[in-house]
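A.B. asks: Okay, structure incoming, though there's no sequence with it:
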(Lines give C-alpha, C1' and ligand atoms only; values in the text may rest on other atoms or scores of the structure.)
Protein backbone atom coordinates (compact mmCIF):
# COMPACT_ATOMS: atom_id res chain seq x y z
CA UNK A 1 0.00 0.00 0.00
CA UNK A 2 1.12 3.52 -0.82
CA UNK A 3 -1.78 5.49 0.60
CA UNK A 4 -4.73 5.46 2.96
CA UNK A 5 -7.88 6.46 1.15
CA UNK A 6 -10.08 9.38 2.21
CA UNK A 7 -12.43 8.40 5.06
CA UNK A 8 -10.86 4.94 5.18
CA UNK A 9 -11.23 4.64 8.97
CA UNK A 10 -13.73 7.42 9.62
CA UNK A 11 -15.60 6.97 12.93
CA UNK A 12 -13.82 3.69 13.67
CA UNK A 13 -14.46 3.44 17.41
CA UNK A 14 -12.05 0.58 18.19
CA UNK A 15 -8.86 1.77 16.50
CA UNK A 16 -6.34 2.47 19.27
CA UNK A 17 -2.89 2.80 17.67
CA UNK A 18 -2.01 3.35 14.00
CA UNK A 19 1.51 2.43 12.89
CA UNK A 20 1.87 3.27 9.21
CA UNK A 21 4.54 1.29 7.28
CA UNK A 22 7.27 3.05 5.31
CA UNK A 23 5.49 2.36 2.01
CA UNK A 24 2.54 4.62 2.88
CA UNK A 25 3.21 8.17 1.68
CA UNK A 26 -0.29 9.68 1.78
CA UNK A 27 -3.13 9.83 4.30
CA UNK A 28 -6.34 10.95 2.63
CA UNK A 29 -8.88 13.56 3.72
CA UNK A 30 -10.74 12.63 6.90
CA UNK A 31 -9.04 9.23 6.85
CA UNK A 32 -9.12 8.86 10.66
CA UNK A 33 -11.72 11.51 11.47
CA UNK A 34 -13.97 10.66 14.38
CA UNK A 35 -11.82 7.75 15.61
CA UNK A 36 -12.77 8.28 19.24
CA UNK A 37 -10.42 5.60 20.67
CA UNK A 38 -7.34 6.54 18.63
CA UNK A 39 -4.48 7.60 20.93
CA UNK A 40 -1.30 7.40 18.87
CA UNK A 41 -0.05 7.47 15.28
CA UNK A 42 3.47 6.71 14.01
CA UNK A 43 4.45 6.94 10.34
CA UNK A 44 7.66 5.17 9.29
CA UNK A 45 7.95 6.75 5.84
CA UNK A 46 11.49 8.15 5.64
CA UNK A 47 11.19 10.45 2.63
CA UNK A 48 7.78 12.11 2.25
CA UNK A 49 4.39 12.09 3.94
CA UNK A 50 1.27 14.04 2.93
CA UNK A 51 -1.63 14.24 5.36
CA UNK A 52 -4.95 15.38 3.88
CA UNK A 53 -7.37 17.91 5.30
CA UNK A 54 -9.21 16.77 8.43
CA UNK A 55 -7.41 13.42 8.56
CA UNK A 56 -7.27 13.46 12.37
CA UNK A 57 -10.16 15.77 13.22
CA UNK A 58 -12.49 14.86 16.09
CA UNK A 59 -10.05 12.34 17.55
CA UNK A 60 -10.50 13.59 21.09
CA UNK A 61 -8.27 11.00 22.79
CA UNK A 62 -5.38 11.33 20.36
CA UNK A 63 -2.17 11.99 22.35
CA UNK A 64 0.64 11.91 19.80
CA UNK A 65 1.39 11.96 16.06
CA UNK A 66 4.97 11.15 14.96
CA UNK A 67 6.49 11.22 11.48
CA UNK A 68 9.94 10.06 10.33
CA UNK A 69 9.61 11.69 6.89
CA UNK A 70 12.15 14.28 5.75
CA UNK A 71 9.32 16.24 4.13
CA UNK A 72 5.98 16.49 5.92
CA UNK A 73 2.96 18.13 4.26
CA UNK A 74 0.35 18.35 7.01
CA UNK A 75 -2.91 20.26 7.09
CA UNK A 76 -3.64 23.01 9.61
CA UNK A 77 -4.21 20.65 12.53
CA UNK A 78 -5.87 22.24 15.56
CA UNK A 79 -6.21 19.23 17.85
CA UNK A 80 -4.50 18.76 21.21
CA UNK A 81 -2.15 15.88 20.31
CA UNK A 82 1.61 16.49 20.28
CA UNK A 83 3.00 16.41 16.72
CA UNK A 84 6.60 15.27 16.17
CA UNK A 85 8.58 15.30 12.94
CA UNK A 86 12.16 14.56 11.89
CA UNK A 87 14.77 16.98 13.24
CA UNK A 88 16.37 16.77 9.78
CA UNK A 89 13.16 17.46 7.92
CA UNK A 90 11.25 20.38 6.43
CA UNK A 91 7.64 21.16 5.68
CA UNK A 92 4.96 21.45 8.33
CA UNK A 93 5.90 24.13 10.86
CA UNK A 94 3.55 22.99 13.63
CA UNK A 95 5.65 20.01 14.68
CA UNK A 96 8.28 19.60 17.38
CA UNK A 97 11.47 18.27 15.83
CA UNK A 98 13.35 16.47 18.59
CA UNK A 99 14.61 13.38 16.79
CA UNK A 100 15.54 11.93 13.41
CA UNK A 101 13.12 9.04 13.98
CA UNK A 102 10.58 7.68 16.45
CA UNK A 103 9.69 4.29 17.94
CA UNK A 104 6.87 2.78 19.98
CA UNK A 105 7.42 0.38 22.90
CA UNK A 106 4.81 -1.93 24.40
CA UNK A 107 4.37 -1.60 28.18
CA UNK A 108 1.82 -2.72 30.73
CA UNK A 109 -1.57 -1.48 29.62
CA UNK A 110 -0.40 0.65 26.72
CA UNK A 111 2.31 2.16 24.55
CA UNK A 112 5.21 4.58 24.97
CA UNK A 113 6.55 6.81 22.18
CA UNK A 114 10.29 7.48 22.11
CA UNK A 115 12.33 9.86 20.00
CA UNK A 116 15.84 8.76 19.10
CA UNK A 117 18.58 11.12 20.28
CA UNK A 118 20.73 12.91 17.71
CA UNK A 119 24.05 14.75 17.56
CA UNK A 120 24.40 18.36 16.39
CA UNK A 121 24.32 17.20 12.76
CA UNK A 122 21.08 15.27 13.19
CA UNK A 123 22.68 11.82 13.16
CA UNK A 124 21.15 9.23 15.46
CA UNK A 125 23.17 8.43 18.57
CA UNK A 126 22.74 6.21 21.60
CA UNK A 127 20.01 7.91 23.57
CA UNK A 128 16.27 8.54 23.61
CA UNK A 129 13.55 10.86 24.84
CA UNK A 130 10.20 9.73 26.17
CA UNK A 131 7.65 11.77 24.22
CA UNK A 132 4.27 10.11 24.57
CA UNK A 133 2.16 7.55 26.41
CA UNK A 134 -1.31 6.12 25.95
CA UNK A 135 -3.90 6.53 28.67
CA UNK A 136 -4.08 2.91 29.79
CA UNK A 137 -0.52 2.45 31.06
CA UNK A 138 -0.44 0.79 34.47
CA UNK A 139 1.66 -1.19 36.93
CA UNK A 140 5.45 -1.10 36.81
CA UNK A 141 6.80 0.59 33.68
CA UNK A 142 10.48 0.40 32.74
CA UNK A 143 12.04 3.29 30.88
CA UNK A 144 14.62 2.59 28.23
CA UNK A 145 18.09 2.43 29.72
CA UNK A 146 19.26 5.27 27.47
CA UNK A 147 16.28 7.57 28.09
CA UNK A 148 17.38 10.98 29.39
CA UNK A 149 14.31 13.22 29.18
CA UNK A 150 10.55 13.02 29.66
CA UNK A 151 8.71 15.57 27.55
CA UNK A 152 5.82 17.72 28.68
CA UNK A 153 2.34 16.19 29.05
CA UNK A 154 3.54 12.63 28.42
CA UNK A 155 1.58 10.96 31.25
CA UNK A 156 -0.95 13.72 31.85
CA UNK A 157 -4.34 12.24 32.82
CA UNK A 158 -3.05 8.65 32.72
CA UNK A 159 -5.26 7.74 35.66
CA UNK A 160 -4.22 4.13 36.38
CA UNK A 161 -1.73 3.60 39.19
CA UNK A 162 1.80 3.11 37.86
CA UNK A 163 5.47 3.38 38.81
CA UNK A 164 8.51 4.08 36.65
CA UNK A 165 11.84 2.27 36.77
CA UNK A 166 14.78 4.22 35.38
CA UNK A 167 13.95 7.69 36.67
CA UNK A 168 17.44 7.90 38.19
CA UNK A 169 19.06 8.53 34.78
CA UNK A 170 16.61 11.23 33.70
CA UNK A 171 17.98 14.80 33.50
CA UNK A 172 14.84 16.75 32.55
CA UNK A 173 11.06 16.49 32.99
CA UNK A 174 8.82 18.78 30.97
CA UNK A 175 5.83 20.82 32.10
CA UNK A 176 2.72 18.79 33.01
CA UNK A 177 4.59 15.55 32.31
CA UNK A 178 2.71 13.63 35.05
CA UNK A 179 -0.03 16.15 35.76
CA UNK A 180 -3.15 14.52 37.24
CA UNK A 181 -1.76 11.03 36.67
CA UNK A 182 -1.62 7.84 38.73
CA UNK A 183 2.13 7.80 39.27
CA UNK A 184 2.59 6.29 42.71
CA UNK A 185 4.93 5.96 45.67
CA UNK A 186 8.15 7.87 46.27
CA UNK A 187 9.46 10.36 43.72
CA UNK A 188 13.23 10.94 43.74
CA UNK A 189 14.60 14.00 41.96
CA UNK A 190 18.21 12.84 41.87
CA UNK A 191 21.36 14.89 41.48
CA UNK A 192 21.33 14.23 37.73
CA UNK A 193 18.22 16.36 37.18
CA UNK A 194 18.78 19.74 35.54
CA UNK A 195 15.16 20.76 34.97
CA UNK A 196 11.67 20.00 36.31
CA UNK A 197 8.93 21.92 34.53
CA UNK A 198 5.81 23.69 35.80
CA UNK A 199 3.03 21.40 37.08
CA UNK A 200 5.21 18.35 36.36
CA UNK A 201 3.56 16.22 39.08
CA UNK A 202 0.61 18.43 40.02
CA UNK A 203 -2.52 16.64 41.18
CA UNK A 204 -0.85 13.22 41.57
CA UNK A 205 -2.62 11.95 44.68
CA UNK A 206 -0.80 8.58 44.73
CA UNK A 207 2.61 10.12 45.46
CA UNK A 208 3.50 9.57 49.12
CA UNK A 209 7.01 11.00 49.47
CA UNK A 210 9.35 13.34 47.58
CA UNK A 211 13.12 13.46 47.86
CA UNK A 212 15.03 16.22 46.06
CA UNK A 213 18.79 16.19 45.60
CA UNK A 214 19.21 19.60 43.99
CA UNK A 215 22.86 19.17 42.98
CA UNK A 216 22.06 19.46 39.26
CA UNK A 217 19.49 22.27 39.49
CA UNK A 218 21.21 25.53 38.60
CA UNK A 219 19.68 28.93 37.84
CA UNK A 220 22.71 29.70 35.68
CA UNK A 221 21.55 26.99 33.23
CA UNK A 222 17.80 27.59 33.44
CA UNK A 223 16.14 30.63 34.99
CA UNK A 224 13.65 28.35 36.76
CA UNK A 225 15.17 24.85 36.96
CA UNK A 226 12.45 23.78 39.41
CA UNK A 227 9.19 25.24 38.14
CA UNK A 228 5.99 26.49 39.69
CA UNK A 229 3.29 24.12 41.01
CA UNK A 230 5.58 21.12 40.47
CA UNK A 231 3.89 19.05 43.23
CA UNK A 232 0.84 21.21 43.93
CA UNK A 233 -2.33 19.43 45.09
CA UNK A 234 -0.58 16.09 45.63
CA UNK A 235 -2.76 15.19 48.58
CA UNK A 236 -0.92 11.96 49.43
CA UNK A 237 2.58 13.39 50.00
CA UNK A 238 3.53 12.99 53.66
CA UNK A 239 7.25 13.79 53.63
CA UNK A 240 9.61 16.08 51.70
CA UNK A 241 13.39 15.79 51.97
CA UNK A 242 15.76 18.28 50.31
CA UNK A 243 19.48 17.53 50.12
CA UNK A 244 22.47 18.28 47.92
CA UNK A 245 23.85 21.53 46.59
CA UNK A 246 22.69 23.32 43.48
CA UNK A 247 21.32 26.81 42.97
CA UNK A 248 17.54 26.88 42.61
CA UNK A 249 14.24 28.02 44.12
CA UNK A 250 11.03 26.40 45.26
CA UNK A 251 8.96 28.42 42.82
CA UNK A 252 5.38 29.60 43.18
CA UNK A 253 3.00 27.08 44.77
CA UNK A 254 5.54 24.26 44.45
CA UNK A 255 3.83 22.14 47.14
CA UNK A 256 0.62 24.11 47.59
CA UNK A 257 -2.35 22.03 48.68
CA UNK A 258 -0.30 18.99 49.74
CA UNK A 259 -2.61 18.58 52.71
CA UNK A 260 -0.89 15.46 54.10
CA UNK A 261 2.61 16.95 53.97
CA UNK A 262 3.60 17.03 57.65
CA UNK A 263 7.39 16.64 57.54
CA UNK A 264 9.85 18.82 55.62
CA UNK A 265 13.53 18.05 56.23
CA UNK A 266 16.04 20.38 54.53
CA UNK A 267 19.80 19.96 54.88
CA UNK A 268 21.37 23.16 56.19
CA UNK A 269 23.75 23.22 53.20
CA UNK A 270 21.07 22.52 50.59
CA UNK A 271 21.26 24.69 47.47
CA UNK A 272 17.75 26.08 47.91
CA UNK A 273 17.93 29.86 47.43
CA UNK A 274 14.36 31.16 47.54
CA UNK A 275 11.00 29.89 48.76
CA UNK A 276 8.54 31.70 46.52
CA UNK A 277 4.89 32.73 46.81
CA UNK A 278 2.72 29.99 48.30
CA UNK A 279 5.44 27.37 47.88
CA UNK A 280 4.45 25.42 51.02
CA UNK A 281 0.96 26.83 51.50
CA UNK A 282 -1.95 24.69 52.65
CA UNK A 283 0.28 21.92 53.98
CA UNK A 284 0.26 20.12 57.36
CA UNK A 285 3.79 21.07 58.41
CA UNK A 286 4.31 22.06 62.05
CA UNK A 287 8.06 22.82 61.96
CA UNK A 288 10.54 23.79 59.28
CA UNK A 289 14.25 24.63 59.44
CA UNK A 290 15.48 26.57 56.41
CA UNK A 291 18.96 26.24 54.86
CA UNK A 292 21.86 28.60 55.53
CA UNK A 293 22.04 29.84 51.94
CA UNK A 294 18.42 30.99 51.72
CA UNK A 295 18.23 34.38 49.97
CA UNK A 296 14.52 35.11 49.93
CA UNK A 297 11.00 34.20 51.07
CA UNK A 298 7.89 34.97 49.05
CA UNK A 299 4.56 36.41 50.11
CA UNK A 300 2.34 33.73 51.65
CA UNK A 301 4.99 31.03 51.47
CA UNK A 302 3.30 29.31 54.44
CA UNK A 303 -0.26 30.51 53.83
CA UNK A 304 -2.97 28.44 55.57
CA UNK A 305 -0.46 26.19 57.33
CA UNK A 306 -2.61 25.97 60.45
CA UNK A 307 -0.32 23.44 62.19
CA UNK A 308 2.86 25.48 61.74
CA UNK A 309 4.32 26.65 65.05
CA UNK A 310 8.03 27.17 64.30
CA UNK A 311 10.10 28.44 61.38
CA UNK A 312 13.87 28.43 61.94
CA UNK A 313 16.25 30.59 59.90
CA UNK A 314 19.92 29.58 60.12
CA UNK A 315 21.95 31.69 57.69
CA UNK A 316 24.23 34.64 58.38
CA UNK A 317 22.56 36.69 55.64
CA UNK A 318 19.08 38.13 56.16
CA UNK A 319 16.77 36.79 53.43
CA UNK A 320 14.76 39.27 51.39
CA UNK A 321 10.98 39.17 51.59
CA UNK A 322 9.10 39.38 48.30
CA UNK A 323 5.93 41.46 48.55
CA UNK A 324 2.91 40.51 46.47
CA UNK A 325 2.30 44.05 45.23
CA UNK A 326 3.65 47.51 46.12
CA UNK A 327 2.00 48.79 49.25
CA UNK A 328 0.61 45.39 50.26
CA UNK A 329 1.88 44.33 53.69
CA UNK A 330 4.05 41.24 53.59
CA UNK A 331 2.81 38.09 55.29
CA UNK A 332 4.34 34.66 55.71
CA UNK A 333 0.83 33.25 56.11
CA UNK A 334 -2.41 34.51 57.59
CA UNK A 335 -2.71 31.67 60.13
CA UNK A 336 0.73 32.22 61.70
CA UNK A 337 -0.05 35.21 63.86
CA UNK A 338 2.34 38.05 64.52
CA UNK A 339 4.71 36.56 67.13
CA UNK A 340 6.15 33.45 68.74
CA UNK A 341 6.87 31.21 65.76
CA UNK A 342 10.04 32.59 64.13
CA UNK A 343 13.62 31.79 65.21
CA UNK A 344 16.71 33.56 63.85
CA UNK A 345 20.45 33.32 64.65
CA UNK A 346 21.31 34.97 67.94
CA UNK A 347 22.71 38.46 67.63
CA UNK A 348 21.18 39.20 64.22
CA UNK A 349 18.00 40.85 65.48
CA UNK A 350 18.90 44.35 64.36
CA UNK A 351 19.98 43.11 60.93
CA UNK A 352 16.53 41.61 60.46
CA UNK A 353 14.80 44.75 61.69
CA UNK A 354 16.80 47.02 59.40
CA UNK A 355 15.82 45.06 56.28
CA UNK A 356 12.41 43.57 57.02
CA UNK A 357 10.77 46.77 58.28
CA UNK A 358 10.35 47.90 54.68
CA UNK A 359 8.67 44.71 53.51
CA UNK A 360 6.21 44.75 56.39
CA UNK A 361 4.54 47.80 54.84
CA UNK A 362 4.74 46.46 51.31
CA UNK A 363 7.87 48.40 50.41
CA UNK A 364 11.51 47.65 49.66
CA UNK A 365 14.76 49.31 50.81
CA UNK A 366 14.74 51.29 47.56
CA UNK A 367 11.63 53.10 48.84
CA UNK A 368 13.42 54.35 51.98
CA UNK A 369 13.70 58.05 50.93
CA UNK A 370 9.94 58.23 50.45
CA UNK A 371 8.86 56.79 53.81
CA UNK A 372 8.13 58.74 56.97
CA UNK A 373 9.76 58.07 60.30
CA UNK A 374 6.35 57.12 61.67
CA UNK A 375 5.80 54.51 58.98
CA UNK A 376 9.22 53.00 59.58
CA UNK A 377 8.76 53.00 63.34
CA UNK A 378 5.41 51.20 63.13
CA UNK A 379 6.88 48.66 60.74
CA UNK A 380 9.97 48.17 62.90
CA UNK A 381 7.77 47.28 65.83
CA UNK A 382 5.96 44.71 63.71
CA UNK A 383 9.33 43.03 63.06
CA UNK A 384 10.36 43.36 66.69
CA UNK A 385 7.16 41.65 67.81
CA UNK A 386 7.72 38.91 65.25
CA UNK A 387 11.18 38.36 66.76
CA UNK A 388 9.90 38.39 70.35
CA UNK A 389 11.46 41.78 71.17
CA UNK A 390 10.10 44.76 73.06
CA UNK A 391 8.70 47.64 70.95
CA UNK A 392 10.43 51.03 70.74
CA UNK A 393 8.72 54.41 70.87
CA UNK A 394 11.04 56.26 68.48
CA UNK A 395 13.79 55.58 65.97
CA UNK A 396 16.29 56.95 68.45
CA UNK A 397 15.32 54.20 70.93
CA UNK A 398 16.42 51.54 68.45
CA UNK A 399 19.89 50.13 69.22
CA UNK A 400 21.02 51.16 65.76
CA UNK A 401 19.62 54.68 66.14
CA UNK A 402 17.84 56.40 63.28
CA UNK A 403 18.61 54.65 59.99
CA UNK A 404 20.15 56.66 57.15
CA UNK A 405 17.47 55.96 54.51
CA UNK A 406 19.62 57.21 51.64
CA UNK A 407 22.35 54.70 52.58
CA UNK A 408 19.82 51.89 52.82
CA UNK A 409 18.41 52.78 49.41
CA UNK A 410 21.88 52.81 47.86
CA UNK A 411 22.69 49.41 49.34
CA UNK A 412 19.35 48.07 48.14
CA UNK A 413 19.97 49.36 44.60
CA UNK A 414 23.37 47.66 44.52
CA UNK A 415 21.88 44.33 45.61
CA UNK A 416 19.09 44.67 43.05
CA UNK A 417 21.60 45.34 40.25
CA UNK A 418 23.67 42.33 41.35
CA UNK A 419 20.62 40.01 41.21
CA UNK A 420 19.60 41.41 37.80
CA UNK A 421 23.09 40.76 36.44
CA UNK A 422 23.04 37.17 37.75
CA UNK A 423 19.60 36.63 36.17
CA UNK A 424 20.72 37.88 32.75
CA UNK A 425 23.84 35.72 32.87
CA UNK A 426 21.70 32.71 33.74
CA UNK A 427 19.29 33.04 30.80
CA UNK A 428 19.70 30.77 27.87
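C.D. replies: Yep, it's here. All values reported here derive from a predicted model rather than from experimental measurement.

A.B. asks: how about the helices in the stretch 101-250 of the chain?
C.D. replies: Shown for the stretch 101-250 of the chain, no helices are assigned by DSSP state H, counting those that start in this stretch.

A.B. asks: so where's the stretch 251-400 of the chain uncertain?
C.D. replies: 395-400 (pLDDT under 70).

A.B. asks: which residues in it form strands?
C.D. replies: Remark: strands assigned in the stretch 251-400 of the chain by DSSP state E, counting those that start in this stretch are 263-266, 272-275, 287-289, 296-298, 310-312, 320-322, 342-343.

A.B. asks: May I have the strands that pair with the second one, each with its orientation?
C.D. replies: Listed by DSSP bridges, the sheet partners of strand 272-275 and their directions read strand 248-250 (parallel), strand 296-298 (parallel).

A.B. asks: Save those strands as JSON lines, and put in distance to residue 201 too.
C.D. replies: For the C-beta atoms, the positions are set from N, CA and C on the backbone; glycine is no exception. Output for the strands paired with strand 272-275, formatted as JSON lines (distance: least, CB to CB, whole Å):
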{"stretch": "strand 248-250", "distance to residue 201": "14"}
{"stretch": "strand 296-298", "distance to residue 201": "20"}
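
A.B. asks: what would these look like in TSV with mean neighbour count?
C.D. replies: TSV is the format used below for the strands paired with strand 272-275 (neighbours: other CB atoms under 10 Å):
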stretch	mean neighbour count
strand 248-250	25
strand 296-298	21
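
A.B. asks: So which of these is nearest residue 235?
C.D. replies: Counting by CB to CB, residue 235 lies closest to strand 248-250 out of the strands paired with strand 272-275; the figure is 18.5 Å.

A.B. asks: Outside of that closest one itself, list whatever touches it.
C.D. replies: Here strand 248-250 makes contact (CB atoms under 8 Å, 6 or more residues apart in numbering) with 214, 217-219, 224-226, 271-276, 279-280.

A.B. asks: Closest one to residue 200 out of those residues, please.
C.D. replies: For these, the nearest to residue 200 is residue 226 (9.1 Å; CB to CB).

A.B. asks: Next one: residue 340 from residue 385, what distance?
C.D. replies: Noted for residue 340: a distance of 9 Å to residue 385, by CB to CB, to the nearest Å.

A.B. asks: Tell me which of these two has more neighbours.
C.D. replies: Neighbour comparison, residue 340 and residue 385: the larger count goes to residue 385, with 15 against 11 (by other CB atoms under 10 Å).

A.B. asks: for the closest residue to the more buried one other than its chain neighbours, what are its contacts?
C.D. replies: Sequence neighbours aside, residue 339 is the residue nearest to residue 385 in space, at 4.9 Å (criterion: CB to CB, 6 or more residues apart in numbering). Residues in contact with residue 339 (CB under 8 Å, 6+ apart) are 385-386, 388.

A.B. asks: same thing with residue 182?
C.D. replies: So residue 182 contacts 138, 158-162, 204, 206 (CB under 8 Å, 6+ apart).

A.B. asks: I'd like to know which of those are buried.
C.D. replies: Buried by 16 or more other CB atoms under 10 Å: 138, 158, 160, 162, 204, 206, out of those.
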